[in-house]
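1. here is my input; please provide its structure:
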Amino acid sequence: MLDILRVSHVVYRVTDLDRSVRFYSDLLGFVLTEKNGNEAYLRGVEEGQHHSLILKKADSNGLSYFSFRVRKPEVLDLAREKFDELGLNYRRHKERGVEDALLFEDPQGLPILLYHDMEYVGDMRLRFHEYKGSTPVRMDHVNVMVRDLEAEIQFYAKVFGFTETEYFLDKDNRKTVSWMTKIGHSHEIAIAKASRNVPGFHHATFYVHDVRDIIRGADILSSAQMWDSIERGPGRHGVSQGFYIYFRDPDKNRIELFTGDYLVLDPDKWKPIAWTWDKLRYRSDFWGREVPESWLKEWTPVEDITGKLRGWNS
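-> Numbering: from 1, shown residues only. The predicted structure follows:
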C-alpha cells in the first residue's frame, strides 16, 4: 500500500492566463504565489506550500493532473514497482517548487502526480488584513468521472488505502458514485460512473471556514456581472453534510467552495452510508435549488502523462 498524506493540488488548463488569475485571485481570493511564463501558481490562505492550484495556458480547458503528497520520498520508489506490476504508464516529472515527482495514469486513465517535497513559502493564517474574496483555506477534494467505478474503488482502496465513506445506488440498485477518504474527512475523492466522456474531471473543491464565505463568492461574482459563473448553490449536500457553491471559471472549468463536513473519528467503526434511489433528492441537496443540467452532464477532459489532451472514450 502506498502511503499518501493528502490530496495536494490540481492543474487547470486555461486559455487566457491573466483573465483566469483575475477570476481566482482578485475575485475568489486565492493567494497568488507567482506567475511564471505561461503558468500561475496559487494557494489557500492556510497553505504554506508553494501552490495548490496551477493555471496553465493552453488552447482549451481541462485538467492536466491532480496530485497527492506522499509521506516519505521512498514511497515514490515503491510506486514505480507497484505501477510496473499493474502495467500503468508513468514517468518522472518536475514542476515549479517540486523537483522529484511521479506522474502516472490510473487504471481508468486519470492523470495523477505523486510527490513528497514542495517548496514552502509560508501561510497567511493570521494576516487577515490581506484576505480578499471568499478566502479559500485549503485544497479539500476532487471529483472524477470513470467508466468502471468498481475497479476504480478497488484501486484507491488497495493501492492507496482509501476508505469508502458513502455511496449512491441508482434505481436498479447499482452503485454509481463513491466517496472515499484517506485522512478521515468526509472524502478527498469522489468517483462517479459515466458511460460517456471518460475519463473526465468534474471539479476540484477548496475548503472555506464559514458559510458567509460561500455567500460572499456569489456576491462578488454577481457584482462583477459574472452571473453565468454561478452554476449551482448555495446549498447543503445530504452526502458529506457540507455547505457548497459551484462556480465555472471563464473557461468552464468547475470549482467548488465547501465547508461543514464531518470527520471520521473511528475508521474501524465506520459503516459506509448508502444513499438509495428514493433518497436522490436529499443525497444531492439536503436543501437547495434543483441541480442544473450542466452540473449533471458537463465536465472537462484530461491530459495523458505526455501532456496531450485525451479524446473522450465514448
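2. ok so Val159 is a helix residue?
-> Yes: counting by DSSP: H, G, I helix; E, B strand; the rest coil, Val159 is part of a helix.
3. so how far is Val75 from the closest residue in space to it that isn't next to it in sequence?
-> Of all residues not flanking Val159 in the chain, Leu2 sits nearest, at 5.8 Å (CB to CB, 6 or more residues apart in numbering). Every C-beta, even on glycine, is put in place using the N, C-alpha and C of the backbone. Between Leu2 and Val75 the computed distance is 6 Å (CB to CB, to the nearest Å).
4. what sits in contact with each of those two?
-> Leu114 (CB atoms under 8 Å, 6 or more residues apart in numbering).
5. those two: which has the busier surroundings?
-> It is Val75, of Leu2 and Val75, that has more neighbours when counted by other CB atoms under 10 Å, with 21 against 18.
6. would you confirm that the more buried one contacts Leu114?
-> Yes: look at Val75 against Leu114 with CB atoms under 8 Å: they come within range, at 7.3 Å.
7. quick check: neighbours shared by these two?
-> Residues touching both Val75 and Leu114 (CB under 8 Å, 6+ apart): Leu2, Ile4.
8. just checking, next helix/strand downstream of the worst-scoring helix or strand of the chain on mean pLDDT?
-> Averaged element by element with mean pLDDT, DSSP states H and E, the chain has its least confident helix or strand at helix 280-284 (a mean of 84). Using DSSP states H and E, the helix or strand that follows helix 280-284 towards the C-terminus is helix 293-297.
9. show me what that next one is in contact with.
-> Glu231, Arg232, Tyr246, Arg248, Arg254.
10. give the contact list for Gly97.
-> Tyr41, Gln49, His50, His51, Met118, Glu119.
11. pLDDT score assigned to it?
-> pLDDT, Gly97: 97.
12. and Ser314, by the same measure?
-> 50.
13. enumerate the positions of stretch 155-164 that are buried.
-> Of all the residues in stretch 155-164, those buried under the rule 16 or more other CB atoms under 10 Å are Phe155, Tyr156, Val159, Phe160, Phe162, Thr163, Glu164.
14. so what's the fifth one up against?
-> For Phe162, the contact set (CB under 8 Å, 6+ apart) comprises Tyr156, Met180, Thr181, Lys182, Glu188, Ile189.
15. quick one: low-confidence parts of this protein?
-> Scanning the chain for pLDDT under 70 picks out 313-314.
16. just the CA trace of stretch 51-61, in CSV.
-> This file holds the C-alpha atoms of stretch 51-61, laid out as CSV (Å, rounded to 0.1, in the frame of the first residue of the first chain):
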residue,chain,number,x,y,z
HIS,A,51,0.7,26.1,-4.6
SER,A,52,-2.5,24.1,-4.6
LEU,A,53,-3.8,25.4,-7.9
ILE,A,54,-1.8,25.8,-11.1
LEU,A,55,-3.3,27.7,-14.0
LYS,A,56,-1.6,26.6,-17.3
LYS,A,57,-2.1,28.4,-20.5
ALA,A,58,-3.5,26.0,-23.2
ASP,A,59,-5.7,26.1,-26.2
SER,A,60,-8.7,24.6,-24.3
ASN,A,61,-10.0,23.9,-20.9
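17. check the offset of the longest strand seen in the chain from the chain's centre.
-> In the chain, with assignment by DSSP state E, the single longest strand is strand 4-14. Computed by CA atoms, centre = their mean, to the nearest Å, the chain-centroid distance of strand 4-14 equals 7 Å.
18. immediately after that strand, which helix or strand?
-> The element immediately downstream of strand 4-14 (helix or strand, assigned by DSSP H and E) is helix 17-21.
19. just the residues contacting the following helix or strand past that next one, thanks.
-> Per DSSP H and E, the first helix or strand lying C-terminal to helix 17-21 is strand 31-36. Outside strand 31-36, the residues that touch it by CB under 8 Å, 6+ apart are 17, 21, 25, 40-45, 47, 50-51, 96, 121, 124.
20. then stretch 1-10?
-> Stretch 1-10 has contacts (CB under 8 Å, 6+ apart) with 49, 51-54, 63, 65-72, 75, 78-79, 82, 113-115, 118, 139-142, 158-161, 182-183, 188-189, 204.
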